[in-house]
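*Asks:* curious how this folds, go ahead:
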Amino acid sequence: MTVSETRIRFFVTDAHPCSYLEDQQASTLFIDPDHKVNAEIYSQLSRNGFRRSGSHIYRPHCGVCEACIPIRTIVNTFSPNRRMRRIEKRNRDIDVNFCAVINRDEHYAVYEQYINQRHLNGDMFPASREQFDSFLSSEWGVTYFIEYRLNGELIGASVTDVMDDGLSAIYTYFQPSCEKRSLGVFAILTQLKLCAERELPYLYLGYWIKACQKMAYKIEYRPCQVRVNERWVTLT
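*Replies:* Residues are numbered from 1 along each chain as shown. Okay, the predicted model is just below:
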């Protein structure tokens, strides 16, 4: 079954201020929220440049602007650079757990700190429990959490989706006091290792935006592929 064979209806939002580029207007293409999605359809949509936020699957649809470029790292040829190796070494004392069920109160406490202290100007501020539950979870049986614990204490977590050709790095949050550990980088490296263990070829990183500092880092995880003109192009 292909995406086209499922007869999904798509909708486009009205123009609204872009969350990433100043003075830009954005528009979003998203699938019918009432359409029944499963792991196969979700994987196919991801290969076509779509992304998940909660139960909504979307991709940018901004007319002349094409700054948001889907990106995925090629797992079997990826090699961490010197900075990444230092971060791995720095975090050797962290216990990593891959789990489907979490203590949501424990996790929300870390998430709330992360949003309210590090993203004061972001779309997700202020944090709320409803936001936490709706943004990070899906109903298709593909979503897992990777916990990062230090001496048993939860200091961070990644939300990751398991697809048929890779993992999709949805979001990472951590205690702001652990900023010097570079847990965002550590989280990506951890998910790349999980892909390798599961023999999954790609780690999907969402959208690379060259002109946006908080989205430009994704190009560092090479070799990678970017989706341009409806095809994946390899960058080494």
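
*Asks:* rest of the way, CA atoms for contacts and neighbours
*Replies:* Will do.

*Asks:* what residues are up against the most centrally placed residue in the chain?
*Replies:* Residue closest to the average C-alpha location in the chain (CA atoms, centre = their mean): Ile170, at 2.5 Å. The contact partners of Ile170, by CA atoms under 8 Å, 6 or more residues apart in numbering, come to 52-53, 136, 158-161, 205-206.

*Asks:* in PyMOL, how would I select the buried members of those residues?
*Replies:* Buried members of those can be picked out in PyMOL with the line below, counting by 16 or more other CA atoms under 10 Å:
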select buried, resi 52+136+158+159+160+161+205+206
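
*Asks:* so which of the contacts of Ile170 sit within helices?
*Replies:* Leu136 (DSSP state H).

*Asks:* min pLDDT across the contacts of Ile170, which one?
*Replies:* Ranked by pLDDT, the contacts of Ile170 bottom out at Leu136 (80).

*Asks:* list the contacts for the residue nearest to that residue when sequence neighbours are not counted?
*Replies:* Distances taken as CA to CA, 6 or more residues apart in numbering put Gly54 closest to Leu136, at 5.3 Å, once the chain neighbours are dropped. Listed by CA under 8 Å, 6+ apart, the contact set of Gly54 reads 134-138.

*Asks:* out of these, who's nearest Cys62?
*Replies:* Nearest to Cys62 among the contacts of Gly54, counting by CA to CA, is Phe135 at 22.6 Å.

*Asks:* about what we covered before: need the contacts of Gly54 in CSV (columns: distance to Glu106).
*Replies:* What follows is those, written out as CSV (distance: CA to CA, whole Å):
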residue, distance to Glu106
Ser134, 17
Phe135, 17
Leu136, 15
Ser137, 16
Ser138, 19
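
*Asks:* mind putting the contacts of Ile170 into a markdown table with distance to Ile69?
*Replies:* Shown next, in a markdown table, are the contacts of Ile170 (distance: CA to CA, whole Å):
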| residue | distance to Ile69 |
| --- | --- |
| Arg52 | 15 |
| Ser53 | 17 |
| Leu136 | 22 |
| Ser158 | 22 |
| Val159 | 21 |
| Thr160 | 20 |
| Asp161 | 19 |
| Leu205 | 10 |
| Gly206 | 8 |
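
*Asks:* quick one: Val75 from Gly141, how far?
*Replies:* 23 Å (CA to CA, to the nearest Å).

*Asks:* have a look at these two and say which one is more surrounded.
*Replies:* Using other CA atoms under 10 Å as the criterion, Val75 and Gly141 rank with Val75 on top: 23 against 12.

*Asks:* surely that one touches Tyr202?
*Replies:* Yes. If you go by CA atoms under 8 Å, Val75 and Tyr202 touch, sitting 5.4 Å apart.

*Asks:* right, and the helix or strand after the worst-scoring helix or strand of the chain on mean pLDDT?
*Replies:* Of all helical and strand segments in the chain, the minimum by mean pLDDT, DSSP states H and E falls on helix 129-136, at a mean of 86. Where DSSP states H and E defines the elements, the next helix or strand beyond helix 129-136 is strand 143-150.
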